[in-house]
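Student: Here is a sequence together with a model predicted from it:
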Amino acid sequence: MSDSTPPPPPAGDAPPAPAPPTHVGSPTDFLKGVVGKRVIVRLTSGVDYRGILSCLDGYMNIAMEQTEEHVGGSVVNRYGDAFIRGNNVLYISAAEAL
Amino acid sequence: MASQILPLELIDRCIGSKIYVVMKSEREFSGTLLGFDDFVNMVLEDVTEYENTPQGRNSTKLAQTLLNGNNICMLIPGSEGPQD
């Protein structure tokens, strides 16, 4: 058993499975480097989630710890653990030096 | 026929330089392009995020960012935005 990744979640459109990158995995390199760091995840809705990135996958599904939910610049909620479905993600930004 | 340049090749030439990204929504990003993938998800550095609202244009500064290609509309190599 070489593949330890979970089966892709059912998606309406073609699942973006890890395709051969145009350039030496720049997004994949970024994702490897950012795990365990503080990140800001902004969704297409404009809501921010700031926390420590636990893990993520090729769909940009995200698991985070110590998450703060920011709406309009102020904290509205805090979650110990948060899972964000990747289709909602606008960007993942490093909040600390990588 | 003049030699053609493919779109992804154009973006590839932009790696290491400034690029301006316009989203499908009223949002834009300016930054240095570190890389991208087949889906044109983009890794940018020293990013300024611009939000165009009826109230005005606000900007946010971000460090290294992975921008989801799903919402990207247009890429402008070598630009910093409308002020350019």
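Tutor: Received it, and whenever you're ready, just let me know what you need.

Student: Low-confidence bits of chain B, can you list those?
Tutor: Where chain B drops to pLDDT under 70, the residues are B:1-2, B:84.

Student: could you pull out the strands for it?
Tutor: For chain B, the strands defined by DSSP state E occupy B:18-23, B:27-36, B:42-53, B:56-62, B:65-67, B:72-77.

Student: Packed most tightly, which of the ones you listed would that be?
Tutor: Most buried of the strands of chain B by mean neighbour count (mean count of other Cβ atoms under 10 Å in any protein chain shown) is strand B:65-67; its value is a mean of 27. Every residue, glycine included, has its C-beta placed from N, CA and C.

Student: ok, it near chain A or not?
Tutor: Yes - interface with chain A: strand B:65-67 contributes B:65-67 (Cβ under 8 Å from any Cβ of the partner chain).

Student: same thing with stretch B:36-53?
Tutor: Yes - looking at stretch B:36-53 against chain A by Cβ under 8 Å from any Cβ, the contacts come from B:36-39, B:41-43, B:47.

Student: Quick check, central residue of chain B?
Tutor: Using Cα atoms, centre = their mean, the residue of chain B that lies closest to the mean C-alpha position is residue B:21, 2.5 Å off.

Student: Pairing partners for the residue nearest to it when sequence neighbours are not counted in the sheet, please.
Tutor: Among residues not flanking residue B:21 along the chain, residue B:29 sits closest, at 4.3 Å (Cβ to Cβ, 6 or more residues apart in numbering or on different chains). Taking DSSP bridges as the rule, residue B:29 bridges to residue B:21, residue B:49.
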